[in-house]
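Asker: One predicted model, sequence on top.
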Amino acid sequence: MSRKWILPEDRFFDPDDSQKKIALEIYHSVKDLPIVSPHGHVDPKLFSKDSEGFGTPADLLIIPDHYVFRLFYSQGLRLEDFGIPRRDGSKEEIEQDHRKIWQRFADNFHMLRTTASYSWLAYEFKFILGIDEIPDSDNAQEIYDDIYEKLKSPEFQPRNLFDRFQIEVLSTTDGAADSLSIHQEIKESGWKGNIIPAFRPDSVMNITSPNFKQEIDKLSNAAGIDIIDFKTYIRALESRRQFFKSMGAVSTDHAVVCPMTSELPEPELNRIFTNALKGESTEAEQAAFSGHMLNEMARMSCEDGMVMQLHPGVLRNHNHMIYDRFGADKGCDIPVTTEFTRNLQPLLSKFGNNPRFTLCLFTVDEYTYSRELAPLAGHYPAIRLGPPWWFNDSWNGMTRFFDSVTETAGLYNLSGFIDDTRAFPSIPARHDVWRRVVSNWLAKMVSRSFIDTQDALDLANMLVYRQPKSVYKLG
């Protein structure tokens, strides 16, 4: 007999009765607040007027979610068998039968136990999809049929779920040359959902990429500027930022391995850039160019007011075999040691005191929380700390984060929560975990007499709702 979900109202709270009582009071004050999602990777096409919805249960919960299939791959299961599409578009060896994909998912669902994904999926099955049973080999097809029928109903179309989730704003992440035509179509459709783009120029800043020249050509066409040197390149980026801002964007996003910042003289920049257009770049030039471009992005943020998000410290596509076959974002990006204090000093010396600049820092290197990030955020007016990101986006990771940074940085220098997800139905699940951890941590502060209950209620509201709106300038 299949087991049923057991998800009590006080889950994730401290077992001490007095703290749990306070945590429940705090949680009930914030659990139904609107969701503010200022950074993520949901495809805006889901919300177009011609959207075909979520497709099958496999399309909904498995194929787009590398948090799920990376664990299966680590146990020797093939990505092909979970329908993960190939980079070249070929369907060779890729499972096309979504019932078979779902059966494999259910057969191996137990492998996810105790992970963050298990917590999110539990919420999605129970509270979004109305599935009482935990997936297993025996009930897999029955659950598939149940979800499949629901996904065809009006209640489970993306726009209706957006409203049901009480999402106040949802930010996507979009390349510098993106036309944002889907965003325009959504705005013109008459639907009231607030979906905004975010400017991500990584592909036009990685000069060692074999596709760099093609990416610059796309940027040139999108900006309507003939990019022939570094000066015209900067003008094109500035133009695209203004376009993104006109479409509602409030932030930029930058992923680098090392957050080194620096300044290079213009002749050297021009030499590096023009050589890169000819495919002649070294790793040392890439590091120097990236460091300078982070400074340029900070300058532009001071001028246009867009929040600058920095996600460093990850070696992308570590497993070359998976990248060559399936492409990026397939669960094989691995954290590396990160240093912020010295690397960011050139940028912060120039822009860290500017009242128009907001730099939101993220890390997967927890050792930097108390040693570097909290002291930096506790001093520079420009810095806000993003929440636990990626591998740390979990109950334990969030709890460690609060314990590590708040005594030095305070709570007002945090950004609030971002879900950073590609899997749309996981958004309310992830935000619910954040709200529970916030409630439990603040209840601990109350039970130890650091703050009183009224303080805790106010701070919970801030961390869940007011803070992300304020940091990301969302009104």
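Answerer: Alright, I've got the coordinates. Residues are numbered from 1 along each chain as shown.

Asker: give the contact list for the most centrally placed residue in the chain.
Answerer: By C-alpha atoms, centre = their mean, the mean C-alpha position of the chain lies nearest to D420, the distance being 1.7 Å. Shown in contact with D420 (C-beta atoms under 8 Å, 6 or more residues apart in numbering): H39, G40, H41, W389, W390, D393. From N, CA and C alone the C-beta is placed, and that goes for glycine too.

Asker: name the element the first one belongs to?
Answerer: Taking DSSP states H and E as the definition, H39 sits outside all helices and strands.

Asker: Show the backbone phi and psi for it.
Answerer: Torsion angles at H39 (phi, psi; degrees, to the nearest 10) stand at phi -160, psi 130.

Asker: Report the contact partners of it.
Answerer: Applying C-beta under 8 Å, 6+ apart to H39 gives the contacts S171, T173, A198, S251, D253, Q309, G386, I418, D419, D420.

Asker: How about H292?
Answerer: Contacts for H292 (C-beta under 8 Å, 6+ apart) come out as T261, S262, E263, L264, L269.

Asker: distance of the last one from K152?
Answerer: In this view, L269 and K152 are 54 Å apart by C-beta to C-beta, to the nearest Å.

Asker: quick one, which of those two is more surrounded?
Answerer: Using other C-beta atoms under 10 Å as the criterion, L269 and K152 rank with L269 on top: 21 against 10.

Asker: which non-adjacent residue is nearest that one?
Answerer: Of all residues not flanking L269 in the chain, F230 sits nearest, at 4.6 Å (C-beta to C-beta, 6 or more residues apart in numbering).

Asker: Give me the contacts around stretch 456-463.
Answerer: 22, 25-27, 29-30, 33, 411-412, 414, 416-417, 435, 438-439, 442-443, 445-446, 451.

Asker: I'd like to know which of the residues you listed are buried.
Answerer: Listed as buried from the contacts of stretch 456-463 are 22, 25-27, 29-30, 33, 414, 416-417, 435, 438-439, 442-443, 445-446; burial here means 16 or more other C-beta atoms under 10 Å.

Asker: from the middle of its chain, how far away would the helix or strand encompassing Q467 be?
Answerer: Assigned by DSSP H and E, Q467 belongs to helix 467-471. Centroid separation for helix 467-471 versus its chain: 16 Å, with C-alpha atoms, centre = their mean, to the nearest Å.

Asker: any idea of the mean pLDDT for that helix?
Answerer: When pLDDT is averaged along helix 467-471, the result is 98.

Asker: From the rest of the structure, what touches that helix?
Answerer: So helix 467-471 is contacted by 36, 38, 307, 358, 360, 384, 412, 414-418, 474-475 (C-beta under 8 Å, 6+ apart).

Asker: try it again with 10 Å
Answerer: 34-39, 168-169, 250-251, 307, 358, 360, 384-387, 411-418, 459, 461-462, 474-475 (C-beta atoms under 10 Å, 6 or more residues apart in numbering).

Asker: Same check on stretch 80-88?
Answerer: Counting by C-beta under 10 Å, 6+ apart, residues outside stretch 80-88 touching it are 56, 58-59, 62-66, 68-69, 72-73, 78-79, 91-98, 100-102, 104-105, 108, 322-328, 330-331.

Asker: can you check stretch 143-153 too?
Answerer: With contact meaning C-beta under 10 Å, 6+ apart, stretch 143-153 is reached by 2, 53-61, 98-99, 101-103, 105-106, 125, 128-136, 139, 156-157, 160.

Asker: Of those residues, select the buried ones using a ChimeraX command.
Answerer: In ChimeraX, this line selects whichever of the contacts of stretch 143-153 come out buried by 16+ other C-beta under 10 Å:
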select :53,54,56,57,58,59,60,61,98,99,101,102,103,105,106,125,128,129,131,133,134,135,136,139,156,157
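
Asker: which ones among the contacts of stretch 143-153 are found in helices?
Answerer: 57-61, 98-99, 101-103, 105-106, 160 (DSSP state H).

Asker: and A255, which of the three is it?
Answerer: strand (DSSP: H, G, I helix; E, B strand; the rest coil).

Asker: Please report the number of neighbouring residues for the closest residue in space to it that isn't next to it in sequence.
Answerer: Nearest residue to A255, sequence neighbours excluded (C-beta to C-beta, 6+ apart): H311, at 4.7 Å. Residues within reach of H311, counting by other C-beta under 10 Å, total 22.

Asker: now K150
Answerer: A count of nearby residues for K150, using other C-beta under 10 Å, gives 17.

Asker: What residues sit buried inside stretch 295-310?
Answerer: Buried residues in stretch 295-310, counted by 16+ other C-beta under 10 Å: 295-302, 304, 306-310.

Asker: C-alpha coordinates for that stretch, PDB please?
Answerer: C-alpha atoms of stretch 295-310 as PDB (Å, rounded to 0.1, in the frame of the first residue of the first chain):
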ATOM      1  CA  ASN A 295      33.200  47.700 -13.000                       C
ATOM      2  CA  GLU A 296      31.500  49.000 -16.100                       C
ATOM      3  CA  MET A 297      28.300  47.200 -15.100                       C
ATOM      4  CA  ALA A 298      28.500  48.900 -11.700                       C
ATOM      5  CA  ARG A 299      29.000  52.300 -13.400                       C
ATOM      6  CA  MET A 300      26.000  51.700 -15.600                       C
ATOM      7  CA  SER A 301      23.900  50.700 -12.600                       C
ATOM      8  CA  CYS A 302      24.800  54.000 -10.800                       C
ATOM      9  CA  GLU A 303      23.500  55.700 -13.900                       C
ATOM     10  CA  ASP A 304      20.300  53.800 -14.700                       C
ATOM     11  CA  GLY A 305      19.500  52.600 -11.200                       C
ATOM     12  CA  MET A 306      19.200  48.900 -12.000                       C
ATOM     13  CA  VAL A 307      20.200  46.500  -9.200                       C
ATOM     14  CA  MET A 308      23.300  44.600  -9.900                       C
ATOM     15  CA  GLN A 309      23.200  40.900  -8.900                       C
ATOM     16  CA  LEU A 310      26.500  39.000  -8.700                       C
END
